[in-house]
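Asks: predicted model, plus sequence, below.
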Amino acid sequence: MILVTGATGNIGSEVVRLLHRTGERVRILARNPGKVANVGEQFEVVSGDLNQSETLPPALAGVTKLFLMAHAESPPEIAGRVLRAAPGSPLRHVVLISSSTIYLEPSEPPSPRKLASRADAKLTR
Ligand SMILES: NC(=O)c1ccc[n+]([C@@H]2O[C@H](COP(=O)([O-])OP(=O)(O)OC[C@H]3O[C@@H](n4cnc5c(N)ncnc54)[C@H](OP(=O)(O)O)[C@@H]3O)[C@@H](O)[C@H]2O)c1
């Protein structure tokens, strides 16, 4: 089972469209399930909020892969909150979609090399 968050957004809706072609079983976590486009029987839509920990375990049940994304201005704590909600679960593969600009100081010019090494350091902590 693959869980997708952010499915009503720019990237998530495209992820869902592409997963539709694979035939994989997909669950969508949405704050407002009524906003999710009609994606067919292959998809299960559950109500949940990445900022509300108690809504996460039911969404994560049986999930092995996760596409995790929210708004650009969403707090970075979301990823930790989701992973803490999945102890003992079969979750093994997480694709976290964020922005490399979170590693920049306000005065710093963008440097892809610097950003990549900071992202690696954060992710392997
Ligand atoms: N779009 C780009 O070109 C681009 C480029 C680089 C990086 N990114 C990064 O990719 C990520 C997604 O971007 P996007 O453009 O697809 O965002 P978006 O269009 O703003 O969509 C955000 C999605 O996240 C959902 N969401 C927000 N807060 C949530 C919460 N607390 N719980 C559950 N779902 C929540 C929204 O649901 P609702 O419908 O309920 O609001 C919506 O489905 C962001 O981190 C962004 O920084 C995007």
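Replies: Done, it's in.
Asks: please list all residues in contact with Phe67.
Replies: When contacts are counted by CB atoms under 8 Å, 6 or more residues apart in numbering, Phe67 touches Ile2, Leu3, Val4, Thr5, Gly6, Gly12, Val15, Val95, Ile97. Just so you know, the C-beta spots here come from the backbone N, C-alpha and C atoms, and that holds for glycine as well.
Asks: so which of the residues you listed would you say is closest to the ligand?
Replies: Nearest to the ligand among the contacts of Phe67 is Gly6, at 3.4 Å by CB to the nearest ligand atom.
Asks: tally of neighbours for the closest one?
Replies: 22 (other CB atoms under 10 Å).
Asks: spell out which parts of this structure neighbour the ligand.
Replies: 5-12, 31-32, 35, 49-51, 69-72, 74, 97-99 (CB under 6 Å from any ligand atom).
Asks: separate out the buried members of those residues.
Replies: When the residues of the chain next to the ligand are checked for burial by 16 or more other CB atoms under 10 Å, the buried set is Thr5, Gly6, Ala7, Thr8, Gly9, Gly12, Asp49, Leu50, Met69, Ala70, Ser98.
Asks: between those residues, which is nearest Asp120?
Replies: Comparing these against Asp120 with CB to CB picks out Ser98 as the nearest, at 13.6 Å.
Asks: wait, is that closest one part of a helix?
Replies: No - note on Ser98: no helix contains this position according to DSSP: H, G, I helix; E, B strand; the rest coil, which reports coil.
Asks: my read is that it contacts Pro76, right?
Replies: Yes - the pair Ser98 and Pro76 qualifies as a contact (CB atoms under 8 Å) at a distance of 7.5 Å.
Asks: and the residue of this structure nearest the ligand?
Replies: Checked against the ligand (CB to the nearest ligand atom), the nearest residue in the chain is Gly9, 2.0 Å away.
Asks: ok, that residue - contacts?
Replies: Under the criterion of CB under 8 Å, 6+ apart, the neighbours of Gly9 are Met69, Ala70, His71.
Asks: can you show me the helices along this protein?
Replies: Ranges of helices within the chain are 10-22, 56-60, 77-84, 112-123, based on DSSP state H.
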